[in-house]
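Undergrad: sequence and predicted model, in that order:
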Amino acid sequence: MQEEIMSAKNQALAQITSAHDNTELEQIRIDLFGRNGKITDLLKRIKEVPGDQKQQIGILLNDTKKTLESLIAEQKNSFKENVREWFDPTIPGILPNIGNLHPTSVVINEMFEIFKHMGFSIMEGSEMETDIYNFEKLNLPKDHPARSLQDVLYIEEPDVLLRSHTSSVETRVLEKLKPPFRIVVAGKCYRYENVNASNNSMFYQFQGVALQKGLSMADLKGTLFYFAKEFFGHDRKIRFRCKYYPEVEPSAGLDLDCPFCKGKGCTVCKGRGWLEMLGAGMIHPNILKGFGYNTNEISGFAFGMGLDRIVMDRFKIKDIRSLYNGDIKYQ
C-alpha cells in the first residue's frame, strides 16, 4: 500500500503543476478527495493494513493528503493573481479632476499674444533686485522724493530688495540689448502696503519697453490704444492724460471707464468713475544717457500696468485680496 500511496502522490503532483486553470484544478481535487477519489479510497482501505504497519501508513497518507491540498490551494491563488478582468477599451474613461489656469495667468497669456502681434518679445527678470537697478538707474537717486511712494521690502539693507516694480527689468534690458528692440515682461512685485480692496503687498505688473530711432509719443499712444481696444473691447471708453513719473518724460496715464459703476463712482474706482490702468511715457533722457545712448539719435518709450486691476476688470472681481487668498472660485 505504501507504493500505491507514493504512486498516487507523484501522479497527483504532476497533474496539479500542469493544470491550466482553476476549473482543471477543481476537477483534480474531486478526483483525489471526492467521495470516490483516489486519496479517499486509500483512507478507507487503511483498515486492511496489518496492525504493525497502520501507524506508518497512516502518517504517510496524512502527509500526502496535506501536501496535495496545500499545492492545489497555492495553484488556485496563482491563477487569481494572473487573472485580468476584461474591459472595453472604447468606453470613455473617468476624467481626473484637474485645475485651471489662475485668472492672472489667463490675462498674462492673452496680453502676451496681443503684444507679440505688434513685434514685442517676451522677457523675464529676477524678483530679487539691487537698489541700483530698481531705483538709481531709473532716474530715482537715493534722495528722490518719489521713493517715499514705494515702501520697499529689503532683503539686505541698503542694497538688496524685492523689486517694487517691473521697471527693474527695463534697466537690465537697456544695459544688455542693443536697439532696436521691443520687449514685454510680466511678474510679481512687492511693496509694504495697507491691504484693501484695491491694493495688496504682493501684486503683478506688466512692463513694456521699446527703443529705436525716431520713436515718439504718437507711437506710444498708438501702441497702448491698440492694446486697450483689443484686450478690453472696442466699446470701452479710454482716456489718455498727463501724469508724472520720474522714469519717463513726458509722462502719461491711461484710464478705462469703471465696469462696476459705469462711471458713476464706487469703492473700486474710489468714486472717480475711472480705473487707472497704466502709466507710460518716453524714456527719460537721463536714463538713456546713463546707458551711453545719444538722445539726439535714439529714443524709446516705456509703460507699466498693474495686472491685478486688469484681472479684476476682466473677471469682475471686486476685491484684489480674492485673487491670492486661496479662494477656490479663482483657482
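TA: Happy to help now that I have it. Values in this document were obtained by computation on a predicted structure and should not be read as measured data. Residues are numbered from 1 along each chain as shown.

Undergrad: can you give me the strands in the stretch 151-300 of the chain?
TA: For the stretch 151-300 of the chain, the strands defined by DSSP state E, counting those that start in this stretch occupy 154-156, 160-162, 181-190, 202-212, 238-242, 248-257, 274-283, 299-306.

Undergrad: deepest of those, which one?
TA: Per-residue neighbour counts averaged over each of the strands of the stretch 151-300 of the chain give the maximum for strand 299-306, namely a mean of 24 (mean count of other CB atoms under 10 Å). To be clear about C-beta, it is placed using only N, CA and C from the backbone, and glycine gets the same treatment.

Undergrad: picking that back up, which among the strands of the stretch 151-300 of the chain is found nearest to Glu113?
TA: Each of the strands of the stretch 151-300 of the chain was scored for nearness to Glu113 using CB to CB, and the closest is strand 181-190 (10.8 Å).

Undergrad: and the closest one, C-alpha only, in PDB?
TA: Extracted as PDB, the C-alpha positions of strand 181-190 are listed here (Å, rounded to 0.1, in the frame of the first residue of the first chain):
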ATOM      1  CA  PHE A 181      14.100  96.200 -29.600                       C
ATOM      2  CA  ARG A 182      10.700  95.900 -28.100                       C
ATOM      3  CA  ILE A 183      10.000  93.700 -25.100                       C
ATOM      4  CA  VAL A 184       7.300  93.000 -22.600                       C
ATOM      5  CA  VAL A 185       7.600  91.300 -19.200                       C
ATOM      6  CA  ALA A 186       5.100  90.200 -16.500                       C
ATOM      7  CA  GLY A 187       5.900  89.300 -12.900                       C
ATOM      8  CA  LYS A 188       5.400  89.800  -9.200                       C
ATOM      9  CA  CYS A 189       6.300  93.000  -7.300                       C
ATOM     10  CA  TYR A 190       6.400  93.700  -3.600                       C
END
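
Undergrad: show me what that strand is packed against.
TA: Judged by 3 or more CB pairs under 8 Å, 6 or more residues apart in numbering; DSSP states H and E, the packing partners of strand 181-190 are helix 103-117, strand 121-123, helix 167-176, strand 202-212.

Undergrad: quick check: buried residues in the first one?
TA: Neighbour counts over helix 103-117 (16 or more other CB atoms under 10 Å) mark Pro103, Thr104, Val107, Ile108, Met111, Phe112, Ile114, Phe115 as buried.

Undergrad: list the residues that contact the residue nearest to the third one when sequence neighbours are not counted.
TA: Going back to what we said before, that points to Val107. The shortest distance from Val107 to any residue that is not its chain neighbour, by CB to CB, 6 or more residues apart in numbering, is 5.0 Å, and that residue is Val311. Residues in contact with Val311, defined by CB atoms under 8 Å, 6 or more residues apart in numbering, are Pro103, Thr104, Val107, Tyr204, Ile317, Leu323.
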